[in-house]
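Asks: Next one to model:
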Amino acid sequence: MRTRRGVCYPRVMDTCGEINCRAAKRRKPKLAGDEFGCQKRLKTSPEKNAGGCDFFDALPDDLALYVLCKLSSTAGCPADFINVMMTCKRLNRLGFNSLVLSKASQKMLAVKAKNWSESSHRFLKLCADSANVEACYTLGMIRFYCLQNRGSGASLMAKAAISSHASALYSLAVIQFNGSGGSKNDKDLRAGVALCARAAFLGHVDALRELGHCLQDGYGVKQNIAEGRRFLVQANARELAIVLAANPSAVVPRSWLTCNPLRHAAGGGCPLLSDFGCNVPAPEAHPANRFLSDWFSTRAAGVPGPGLRLCSHSGCGRPESRRHEFRRCSVCGAVNYCSRACQALDWKLRHKAECAPVERWADDDGENDDDILDVNGNGNDEEAMDQS
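Replies: Predicted coordinates:
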């Protein structure tokens, strides 16, 4: 794009007239104390000159758009951008430019469930139509799980996945593994593994861990235990590296690098070789996942529907779309997860202190054993046995 040189910008003096050049110099009135040098200087407004012309009016649109793009890409919350748009009509008009909306950051699109309205829906739709990948993923998750518009939500997530959005690829993999939005026969394990592999190639930790378990168990792919262990070790190492990079000056606690004795995973005493990784703090949940958690906790009393359950990992928020879609813990049967990645995170956060073996949990709903998830990460799904 060809830009204008600074000498070509309209001069404020030209737009406001040559009043300043032709005006006669007025004598300043003398005040008491002038002779002692105590008179205060009058401060002039930096926004207007003596002719009353606003400098902002002379600012070209391309420079204003550049400033708004930087703001939308670095905003820490939606209010940072909205407050600027409310300043004047010109900023409001330029703020809805497709170039500005396409640069919106993840934090700027972090809409809270309690503030959800039709205006929020339209704003996210505008950002998604402007080819904003984060908006496509966030709005896709909201439509698929909260508004139960399965087709439109999956389409938006697919649009983000085409642009190599790792979280969108992994979310579509979870949908394929569970057959979300359809029946149990709609599960496509091979498609889920392919999506997980693509997200793992982009460095997604949950996708790396999920792919490792799939290879170990022969779930949707030919069983390869050695390759599965390699992916699990890579996921644990990358998870630790992300935490250390986020806190470069912090002292690493010894507990981060110790293996919990309650874990039922192989790997000796090294946490990097376990199924659950190091005892590092939980990563910050994506705004879309926080929206799902808040949505069902405030508007649905924590229950997505009759007989339906939420994923027990507090940072996930995904609900079941049909009864017994998620798999339970094989030891206590009190928790259920949408994926092995959520199981690993929840185990480190709280479940390792609560899980206790029982004789046999009641099977009141006529539920079979196909949805049992072993604490070692091994599923008892019939599909897993068939694929191996």
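
Asks: Out of the helices and strands in this protein, which is least certain?
Replies: helix 382-387 (a mean of 36; mean pLDDT, DSSP states H and E).

Asks: ok, which stretches of the stretch 251-388 of the chain are strands?
Replies: 327-329, 336-337, 372-373 (DSSP state E, counting those that start in this stretch).

Asks: okay, the ones you listed in CSV with mean pLDDT, mean neighbour count and distance to residue 346 next?
Replies: (C-beta placed from N, C-alpha, C; glycine too.) Below are the strands of the stretch 251-388 of the chain laid out as CSV (pLDDT from 0 to 100; neighbours: other Cβ atoms under 10 Å; distance: least, Cβ to Cβ, whole Å):
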stretch, mean pLDDT, mean neighbour count, distance to residue 346
strand 327-329, 85, 22, 10
strand 336-337, 90, 22, 7
strand 372-373, 60, 21, 11
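
Asks: Distance to residue 172 for those strands - can I get that in CSV?
Replies: Conversion of the strands of the stretch 251-388 of the chain to CSV gives the following (distance: least, Cβ to Cβ, whole Å):
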stretch, distance to residue 172
strand 327-329, 19
strand 336-337, 18
strand 372-373, 21
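
Asks: Select, out of these, the one closest to residue 55.
Replies: Closest to residue 55 of the strands of the stretch 251-388 of the chain, according to Cβ to Cβ: strand 336-337, at 57.6 Å.

Asks: and the closest one, which strands flank it?
Replies: According to DSSP bridges, strand 336-337 has the following sheet partners: strand 327-329 (antiparallel).

Asks: any weak-confidence spans in the stretch 101-250 of the chain?
Replies: 248-250 (pLDDT under 70).

Asks: let's go with 90 and repeat that
Replies: 115, 148, 181-184, 217, 233, 235-250 (pLDDT under 90).

Asks: Apart from its neighbours in sequence, what residue is nearest residue 102?
Replies: residue 130 (4.4 Å; Cβ to Cβ, 6 or more residues apart in numbering).

Asks: show me the contacts for the one you found.
Replies: 98-99, 101-102 (Cβ atoms under 8 Å, 6 or more residues apart in numbering).

Asks: Can you tell me which of the residues you listed has the most neighbours?
Replies: Sorting the contacts of residue 130 by how many neighbours each has (other Cβ atoms under 10 Å) puts residue 101 first, at 25 neighbours.

Asks: What helix or strand is that one located in?
Replies: Element membership for residue 101, per DSSP states H and E: helix 98-102.

Asks: What are the contacting residues of that helix?
Replies: Contacts for helix 98-102 (Cβ under 8 Å, 6+ apart): 65, 68-69, 72, 94, 126-127, 129-132, 135.

Asks: Kindly export stretch 287-295 (C-alpha atoms) in PDB.
Replies: Taking C-alpha atoms only, stretch 287-295 is exported to PDB below (Å, rounded to 0.1, in the frame of the first residue of the first chain):
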ATOM      1  CA  PRO A 287     -11.900 -17.600  27.500                       C
ATOM      2  CA  ALA A 288     -14.200 -19.900  25.600                       C
ATOM      3  CA  ASN A 289     -13.900 -22.600  28.300                       C
ATOM      4  CA  ARG A 290     -14.400 -20.000  31.000                       C
ATOM      5  CA  PHE A 291     -17.500 -18.800  29.200                       C
ATOM      6  CA  LEU A 292     -18.900 -22.400  29.100                       C
ATOM      7  CA  SER A 293     -18.200 -23.000  32.900                       C
ATOM      8  CA  ASP A 294     -19.900 -19.700  33.900                       C
ATOM      9  CA  TRP A 295     -22.800 -20.200  31.500                       C
END
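
Asks: is it fair to say residue 87 lies in a strand?
Replies: No. Going by DSSP: H, G, I helix; E, B strand; the rest coil, the assignment for residue 87 is coil, not a strand.

Asks: Make CSV out of the contacts of helix 98-102 and add distance to residue 149 and secondary structure.
Replies: Formatted as CSV, the contacts of helix 98-102 follow (distance: Cβ to Cβ, whole Å; DSSP: H, G, I helix; E, B strand; the rest coil):
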residue, distance to residue 149, secondary structure
65, 33, helix
68, 31, helix
69, 30, helix
72, 26, helix
94, 31, helix
126, 18, helix
127, 17, helix
129, 16, helix
130, 20, coil
131, 21, coil
132, 19, coil
135, 16, helix
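
Asks: Adding distance to residue 59, write those out as TSV.
Replies: Formatted as TSV, the contacts of helix 98-102 follow (distance: Cβ to Cβ, whole Å):
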residue	distance to residue 59
65	10
68	12
69	15
72	18
94	11
126	24
127	25
129	27
130	23
131	26
132	25
135	28
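
Asks: Which of those sits closest to residue 298?
Replies: residue 135 (22.7 Å).

Asks: Distance check, residue 107 against residue 145.
Replies: 21 Å (Cβ to Cβ, to the nearest Å).

Asks: The two - which one has more neighbours?
Replies: Between residue 107 and residue 145, counting by other Cβ under 10 Å, residue 145 is the more crowded of the two (27 against 16).

Asks: Start from the N-terminal end of the stretch 1-150 of the chain and give the strands.
Replies: For the stretch 1-150 of the chain, no strands turn up when DSSP E, counting those that start in this stretch is the criterion.

Asks: so which of the strands of the stretch 251-388 of the chain gets nearest residue 285?
Replies: Ranked by Cβ to Cβ, the member of those that lies closest to residue 285 is strand 336-337, at 15.0 Å.

Asks: What lies in contact with that closest one?
Replies: Contacts for strand 336-337 (Cβ under 8 Å, 6+ apart): 309, 311-313, 316, 326-329, 343, 346, 371, 373.

Asks: if we take those, which one ends up nearest to residue 182?
Replies: residue 326 (14.7 Å).

Asks: and the closest residue to that closest one other than its chain neighbours, bridged to which residues?
Replies: Once flanking residues are discounted, residue 326 sits nearest to residue 336: 4.2 Å by Cβ to Cβ, 6+ apart. In this entry, residue 336 is beta-bridged to residue 328, by DSSP bridges.
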